[in-house]
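Undergrad: Task: produce atomic coordinates for the following.
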Amino acid sequence: MGDGMKQITVGIVGGTGYTGVELLRILSRHPNVQVRYLTSRAEAGRAVSEIFPSLRSVSQLHFCDMSDALFDEMAQTCDLVFFATPHGVAMTHAPSLVNSGVKVIDLGADFRLQSLDEFANWYGMTHSCPELLAQAVYGLPEVNREKIAKAALIANPGCYPTTAILGLKPVIDAEKQLGNVVDGRIIIDAKSGISGAGRQGKIAISYAEVADNFSAYGVSGHRHTPEIAQGLNEILAAVFPKKIRFVPHLVPMIRGMFSTIHVPLTDTGSKVDWQSYFASSYQHEYFVDVLPSGVLPDTRSVKASNKLRIAIDQQADMLTILVVQDNLVKGAAGQAVQNMNIMFGFDELTALDLVPITP
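TA: Down below sits the predicted model:
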């Protein structure tokens with residue numbers, strides 16, 4: 001258990017997106033956190049409740065502009081700053097905050113990829129603080145909890161990589177323990193609700209385009225592919241040189257993510273009781289729920305919660321792993337708060353014991 005009396009002051013940079021409002025929703029329940037700053041260039045001066053009526057009587061904050069003076073003030077007064085911003089913003093401001101002793105959690109992509117070449121290739125810009133990037137800890141608590149507890153800077157994982165890495169972690173562990181259980185290329189067939197595209201006005205994500213439709217995107221390459229590969233090969237220390245085929249899809253729902261992972265098995269892998277293996281792997285993880293044999297997950301079962309649910313189907317030489325999460329909670333803001341709780345020694349469940357909503 002963490003220190004229930006400790007209080008921290010928090011700033012949120014980029015508060016008008018869906019992850020920003022999720023952060024506010026979750027942190028409003030947190031007894032140890034005071035959100036003091038909330039930035040938005042476009043909405044500076046407006047009350048949060050004007051943009052998000054759901055937060056009426058919950059938050060009295062007003063948006064403030066992202067000025068140098070504000071960052072100087074946050075460096076002096078904040079214990080932690082969240083960045084819920086497009087790539088390129090966090091790496092501009094994180095160095096001065098970290099150097100001032102402020103912890104940083106970036107919900108964007110600036111600190112996820114450790115390869116400078118991969119970052120430049122997928123995000124179209126040169127990384128401005130490679131020395132800080134090298135210190136960043138990948139914020140997947142079920143994998144990196146001990147490192148997170150000591151970190152000054154957290155790279156909050158992408159939504160798709162969270163499902164893929166946690167879905168495949170027991171397989172990687174089995175490969176290291178038993179040797180040669182995977183036979184060939186791993187296929188990740190993933191679907192996400194439209195909120196994963198962010199809160200923006202684009203024709204491709206308008207209601208008329210998305211409703212009654214189902215489409216693939218990023219088929220020839222998606223920026224989460226190198227993040228998944230890094231997660232498996234470096235963070236989980238995979239011992240097999242297998243390649244990943246990742247294809248994301250957009251489905252006509254607001255929030256939710258469903259990743260179906262197909263893993264071809266060797267003779268050794270076919271003999272593993274994968275249901276028991278997965279259950280054992282996550283038996284002490286509150287936010288990862290391995291379903292009983294024969295029970296399949298759906299996105300509604302995790303909606304608005306920080307739960308990630310996994311089901312296993314084993315057919316001879318093929319293992320199918322089905323993973324669901326709310327892309328805005330465990331896939332973004334909820335995981336960021338989970339990281340914060342670990343960093344400051346709070347009970348990991350604080351403000352995150354959210355019951356999924358139905359319907």
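
Undergrad: Just to check, residue 66 is in contact with residue 11?
TA: No - using C-beta atoms under 8 Å, residue 66 and residue 11 do not qualify as a contacting pair, with a distance of 10.6 Å. The way it works is simple: take the backbone N, C-alpha and C, and place the C-beta from them, glycine included.

Undergrad: Give me the common contacts of these two.
TA: When contacts are counted by C-beta atoms under 8 Å, 6 or more residues apart in numbering, residue 66 and residue 11 are jointly contacted by residue 39.

Undergrad: who's more crowded, those two?
TA: Neighbour totals were compared for residue 66 and residue 11, and residue 11 leads with 26 against 18 (other C-beta atoms under 10 Å).

Undergrad: Identify the residue nearest the more buried one in space, chain neighbours excluded?
TA: Excluding the flanking residues, the one nearest residue 11 by C-beta to C-beta, 6 or more residues apart in numbering is residue 37, at 3.7 Å.

Undergrad: Report whether the expected contact of that neighbour with residue 76 is present.
TA: No - with contact defined as C-beta under 8 Å, residue 37 does not reach residue 76; the gap is 11.6 Å.

Undergrad: The two: who's more crowded?
TA: residue 37 (21 against 10).

Undergrad: give the contact list for that one.
TA: Residues near residue 37 by C-beta under 8 Å, 6+ apart: 10, 11, 12, 13, 64, 70, 73, 74, 78, 81.

Undergrad: hang on, the second one in a strand?
TA: Going back to what we said before, that points to residue 11. Yes - the assignment for residue 11 (DSSP: H, G, I helix; E, B strand; the rest coil) places it in a strand.

Undergrad: Show me which positions of stretch 124-135 end up buried.
TA: Residues of stretch 124-135 classed as buried: 127, 129, 132, 133 (neighbour count, 16 or more other C-beta atoms under 10 Å).

Undergrad: Residues in contact with it: which ones?
TA: 87-88, 91-92, 94-95, 98, 110-111, 114, 116, 119-120, 152-153.

Undergrad: Going through those residues, which ones are buried?
TA: So, by 16+ other C-beta under 10 Å, the buried ones in those are 87, 91, 94, 95, 98, 110, 111, 114, 119, 152, 153.

Undergrad: which of these lies closest to residue 137?
TA: residue 153 (6.9 Å; C-beta to C-beta).

Undergrad: beta partners for that closest one?
TA: residue 104 (DSSP bridges).

Undergrad: now it: how far from residue 132?
TA: For residue 153, the distance to residue 132 equals 6 Å [C-beta to C-beta, to the nearest Å].

Undergrad: Touching both of the two, which residues are there?
TA: The contact lists of residue 153 and residue 132 share 94, 98, 111, where a contact means C-beta under 8 Å, 6+ apart.

Undergrad: mind giving me a markdown table with the residues you listed and columns for secondary structure?
TA: Shown next, in a markdown table, are the shared contacts of residue 153 and residue 132 (three-state DSSP):
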| residue | secondary structure |
| --- | --- |
| 94 | helix |
| 98 | helix |
| 111 | coil |
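
Undergrad: now the residues you listed as a markdown table including pLDDT and distance to residue 323?
TA: What follows is the shared contacts of residue 153 and residue 132, written out as a markdown table (pLDDT from 0 to 100; distance: C-beta to C-beta, whole Å):
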| residue | pLDDT | distance to residue 323 |
| --- | --- | --- |
| 94 | 97 | 30 |
| 98 | 98 | 33 |
| 111 | 98 | 24 |
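
Undergrad: quick one: which of those residues is nearest residue 18?
TA: Among the shared contacts of residue 153 and residue 132, residue 111 lies closest to residue 18 (C-beta to C-beta), at 20.5 Å.

Undergrad: just checking, the closest one touches residue 153?
TA: Yes - shown here, residue 111 and residue 153 form a contact pair, counting by C-beta under 8 Å, at 6.4 Å.

Undergrad: any shared contact partners between those two?
TA: The contact lists of residue 111 and residue 153 share 94, 132, 136, where a contact means C-beta under 8 Å, 6+ apart.

Undergrad: a markdown table for those, including distance to residue 326?
TA: Output for the shared contacts of residue 111 and residue 153, formatted as a markdown table (distance: C-beta to C-beta, whole Å):
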| residue | distance to residue 326 |
| --- | --- |
| 94 | 26 |
| 132 | 30 |
| 136 | 25 |
